[in-house]
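**Q** fold the following.
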Amino acid sequence: MKRSIARLLLAALGLALAFGCAAGTPETGEELALWFPVDPALNRLSAALDTCPYTGEERSIPALLAALLAGPPAEEPELVSLIPQGVRVLSWSLEDRVAHVELSAAYAGLAGVDLTLADYCITLTLAQLPEVEGVRVTVSGGGQSYRDREALYPGDVLFSGVEDAPVEITAALYFRREGSSSLGFEWRRFRLAQDKTPVTEVLNALIAGPEDQGLLPLLPAGLTVRSAQVEDGTCVANLSAHLLEAPEEERTLAVTSIVETLRSLDTVDRVQILIEGEPYEP
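**A** Sure, this is the predicted structure:
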């Protein structure tokens with residue numbers, strides 16, 4: 001299913017998510033909706049997600065979560081659920097209008113586009129409640145080291161059709177911590193035109209260096225991106241031979257920063273590095 005949904009989403013503008021309508025915050029008494037992915041077999045390029053009515057009486061975070069985990073109703077055959085069976089809500093809390101939802105470990109089985117869709121189904125559904133502006137989804141034992149620091153908001157969802165409008169993406173760029181041999185990261189938001197690819201833009205930003213204090217550039221000067229593309233969750237990044245100019249220890253850290261940065265993108269699960277077209281071997 002992941003490949004089918006990915007084709008549906010990536011057809012127009014790279015990482016853009018296509019939606020038929022936007023979620024809003026309902027007034028008291030207004031009907032609530034549940035957000036689910038559209039069955040990719042329908043090939044609806046105009047909508048990757050859609051809604052069905054929430055029929056429960058309780059208007060609360062746990063009630064809406066329970067309805068989402070139960071999946072779309074039988075009378076909505078065009079909707080599907082990507083949340084794995086057996087996922088449970090372990091805890092939830094609300095602080096500064098951000099709902100923190102901790103799910104059981106089965107949710108960590110999601111990755112890439114499927115994970116993005118599932119996260120935003122939760123976000124768009126809960127953000128209808130007047131008390132909720134954003135949602136932070138974490139997984140018990142899921143090892144999602146960068147995701148557990150970011151809250152999602154309905155306004156972050158990318159709307160697109162076939163127009164040439166810029167697309168916004170967010171990535172975690174990894175650099176050396178000042179005075180240390182470990183890595184730290186900073187969040188960057190990119191606005192991409194239709195002719196730009198997310199992985200190339202992110203790699204070029206990584207080469208250019210950090211913006212935050214306390215982080216230092218890591219990649220060798222003169223390093224260029226020959227090409228970079230993503231297929232079925234694997235990013236193949238072809239870099240110039242400048243990467244080999246760094247000392248071995250420095251080069252190992254640099255390669256790690258490249259891999260972790262690219263994997264922070266929703267469409268990238270794995271990274272293969274080439275040097276002038278040849279596989280990189282540490």
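
**Q** so who does the nearest residue to Leu215 once chain neighbours are set aside touch?
**A** Once flanking residues are discounted, Leu215 sits nearest to Phe175: 4.0 Å by C-beta to C-beta, 6 or more residues apart in numbering. Any C-beta I mention is one placed from the backbone N, CA and C, and that applies to glycine too. By C-beta atoms under 8 Å, 6 or more residues apart in numbering, the residues touching Phe175 are 183-186, 206, 209-210, 215-218, 257.

**Q** going by distance to Lys196, which of the residues you listed wins?
**A** Closest approach to Lys196 among those (C-beta to C-beta): Leu206, at 15.2 Å.

**Q** that closest one touches Ser264, doesn't it?
**A** No - with contact defined as C-beta atoms under 8 Å, Leu206 does not reach Ser264; the gap is 10.7 Å.

**Q** overlap in contacts of the two?
**A** Applying C-beta under 8 Å, 6+ apart, one finds that Leu206 and Ser264 are jointly contacted by Leu173.

**Q** look at these two and report which has more neighbours.
**A** Taking neighbours as other C-beta atoms under 10 Å, Leu206 and Ser264 compare with Leu206 leading, 24 against 21.

**Q** which elements pack onto the helix or strand that one falls within?
**A** Per DSSP states H and E: Leu206 is located in helix 198-208. Under the contact criterion of 3 or more C-beta pairs under 8 Å, 6 or more residues apart in numbering; DSSP states H and E, helix 198-208 touches strand 167-177, strand 183-192, strand 225-231, strand 234-239, helix 248-263.

**Q** any chance of a markdown table for the ones you listed, columns mean pLDDT and distance to Leu79?
**A** Output for those, formatted as a markdown table (pLDDT from 0 to 100; distance: least, C-beta to C-beta, whole Å):
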| stretch | mean pLDDT | distance to Leu79 |
| --- | --- | --- |
| strand 167-177 | 88 | 25 |
| strand 183-192 | 88 | 29 |
| strand 225-231 | 89 | 27 |
| strand 234-239 | 94 | 29 |
| helix 248-263 | 93 | 29 |
